[in-house]
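> Need a 3D model of the following:
(one chain, ligands or ions: 2)
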Amino acid sequence: MTAILQAVHLGMTYGGRFEALRDVDMTIQRGERVAIIGRSGAGKSTLLRIFNRLLHPTDGQLKLDGKDITNAQGRELRMVRQRVGMVFQQFNLVSRLSVLDNVLVGTLAQREGLSILPTIWRQFNRQEREWAMECLREVEIEHLAPKRATELSGGQQQRVAIARLLAQRADIILADEPIASLDPRSAEQVMNMLRQVNETHGVAVITNLHQVDVATQFAQRVIGLRDGRMVMDTTADNLNEELLEMLYGDQLENAQHPSDADARGHGVIEPQGNFNDASLPQALV
Ligand SMILES: Nc1ncnc2c1ncn2[C@@H]1O[C@H](COP(=O)(O)OP(=O)(O)OP(=O)(O)O)[C@@H](O)[C@H]1O
Ligand SMILES: [Mg+2]
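Residues are numbered from 1 along each chain as shown. Ligands and ions are numbered 1, 2, ... in the order given. A predicted model of the protein is given here:
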């Protein structure tokens with residue numbers, strides 16, 4: 001196996017005061033499926049956001065293919081974000097665009113020098129359109145291509161988000177609780193889709209999950225964070241009750257039997273704040 005992403009003594013202190021991550025050492029192999037679990041506030045989202053440099057760590061280093069990208073900027077940072085893509089709990093599609101255009105936006109990551117979404121979204125060539133359709137076919141929603149993002153169910157929207165990352169030819173997909181807003185059936189389909197993308201294309205998938213059973217079914221390796229520290233790194237097969245108790249303490253029951261609280265509403269959430277940073281292809285950032 002070859003290392004693709006490496007965290008070296010990574011730390012994150014918010015606002016100079018709150019230490020959300022401390023001394024995280026982690027190596028992700030090319031094509032691996034990894035789940036990150038831990039209590040709410042353990043630092044899971046912070047870590048994923050550092051992994052594609054949406055956040056800048058306050059300590060340590062981040063390496064992609066052995067190259068230090070901790071302080072990458074400009075063109076290099078765009079390359080990092082093209083290769084390390086993110087799927088969010090709330091989908092983050094551009095609601096006014098069609099499904100196909102949302103995926104085409106992913107192909108922009110291959111281009112240079114474009115910065116304004118509204119003026120370019122009609123300028124895709126035939127090759128790019130065909131590639132975007134192929135990516136939609138891959139996640140089995142080709143037939144939805146002309147629909148608006150707002151017309152889709154939560155599970156369908158999440159598949160569009162995955163297709164967009166395929167379109168941008170990401171090597172690593174970071175998924176921050178990708179199924180937390182979905183009903184159980186859609187959740188299963190989305191996890192299956194992430195697995196398929198991993199197995200077919202060798203894309204590494206690192207996902208934060210609240211449900212331990214989903215984590216062990218999906219991932220080959222399960223990493224546990226507690227209070228900002230990495231306290232567990234094990235194969236899914238070796239994850240046992242003792243480790244889980246160490247990780248979750250009195251919240252273990254919640255993690256093993258999540259209530260329907262996870263089946264929150266669906267629907268496109270309008271982007272807020274630094275939406276571009278987070279979910280748009282890297283050529284636009
Ligand atoms: N922008 C911020 N400023 C200050 N503190 C923050 C910020 N973002 C997160 N934190 C704090 O850092 C800690 C880790 O947050 P993070 O969102 O990474 O946890 P998490 O493991 O993803 O939690 P959850 O399971 O609830 O999503 C939390 O205590 C949180 O309150
Ligand atoms: Mg989180």
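> hey, let's count contacts and neighbours off CA atoms from now on
Noted.
> Is E142 in contact with A132, as I believe?
No: when contacts are counted by CA atoms under 8 Å, E142 is not listed as touching A132 (9.4 Å).
> These two: which is more packed in?
Per other CA atoms under 10 Å, whichever of E142 and A132 has more neighbours is A132, with 28 against 17.
> Now do the same contact list for the more buried one.
For A132, the contact set (CA atoms under 8 Å, 6 or more residues apart in numbering) comprises 100, 103-104, 107, 163-164, 167.
> same deal with T207?
By CA under 8 Å, 6+ apart, T207 lies in contact with 34-36, 174-178.
> Looking at these, which is nearest L64?
L174 (13.9 Å; CA to CA).
> what stretches of the stretch 51-200 of the chain score poorly on pLDDT?
Low-confidence segments of the stretch 51-200 of the chain, defined by pLDDT under 70: 110-122.
> what ranges do the strands span in it?
For the stretch 51-200 of the chain, the strands defined by DSSP state E, counting those that start in this stretch occupy 59-64, 67-68, 84-87, 172-176.
> Against ligand 1, how distant is the nearest residue to A204 once chain neighbours are set aside?
Residue nearest to A204 in three dimensions, not counting chain neighbours: G31, with 4.0 Å by CA to CA, 6 or more residues apart in numbering. Per CA to the nearest ligand atom, to the nearest Å, G31 is found 23 Å from ligand 1.
> cool, H201 as well?
Distance from H201 to ligand 1, by CA to the nearest ligand atom: 27 Å.
> Check what pLDDT that residue gets.
H201 carries a pLDDT value of 94.
> same check, this time on D262
44.
> hang on, the earlier thing: verify the contact between the residue nearest to A204 and V203 for me.
Yes: counting by CA under 8 Å, G31 does reach V203; the two are 5.0 Å apart.
> Give the residues shared as contacts by the two.
In contact with both G31 and V203: I172, using CA under 8 Å, 6+ apart.
> thought G106 was touching Q168?
Yes: using CA under 8 Å, G106 is in contact with Q168, at 4.6 Å.
> Just confirm A7 is within a strand.
Yes: assigned with DSSP: H, G, I helix; E, B strand; the rest coil, A7 falls within a strand.
> neighbours of it, just the number please.
Close neighbours of A7, defined as other CA under 10 Å, add up to 22.
> Return the set of residues that bridge with it.
Note on A7: beta-bridge partners by DSSP bridges are M26, L62.
> do the same with the one 5 residues further on
Beta-bridge pairing of M12 under DSSP bridges involves L21.
> Show me which residues of stretch 160-180 are buried.
For stretch 160-180, burial by neighbour count (16 or more other CA atoms under 10 Å) applies to 160-180.
> Go through these and flag which are in helices.
Counting by DSSP state H, the buried residues of stretch 160-180 place 160-167 in helices.
> which of the residues you listed lies closest to Q90?
Nearest member of these to Q90, counting by CA to CA, is A161, at 10.0 Å.
> if I look at that closest one, how far off is I223?
The gap separating A161 from I223 is 24 Å, by CA to CA, to the nearest Å.
> helices or strands next to the longest helix belonging to the chain in the packing?
Identified as the longest helix of the chain according to DSSP H is helix 184-201. The contact analysis (3 or more CA pairs under 8 Å, 6 or more residues apart in numbering; DSSP states H and E) places helix 184-201 against helix 154-167, strand 204-208.
> List of residues touching that helix?
Contacts to helix 184-201, defined as CA under 8 Å, 6+ apart, come from residues 31-33, 139, 154-155, 158-159, 162, 178-180, 203-205, 218, 263.
> now these: which count as buried?
Neighbour counting with 16+ other CA under 10 Å marks 31-33, 139, 154-155, 158-159, 162, 178-180, 203-205, 218 as buried within the contacts of helix 184-201.
> Closest one of those residues to ligand 1?
A180 (10.1 Å; CA to the nearest ligand atom).
> surely that closest one meets F88?
No: counting by CA under 8 Å, A180 stays clear of F88, with 9.5 Å between them.
> Surely H257 touches H210?
No: contact between H257 and H210 fails when scored by CA under 8 Å: they sit 9.9 Å apart.
> okay, these two: which has more neighbours?
H210 (24 against 12).
> which bits of the stretch 1-150 of the chain sit near ligand 1?
By the rule CA under 6 Å from any ligand atom, the part of the stretch 1-150 of the chain lying against ligand 1 is 14, 20, 39-46.
> Noted, bye for now.
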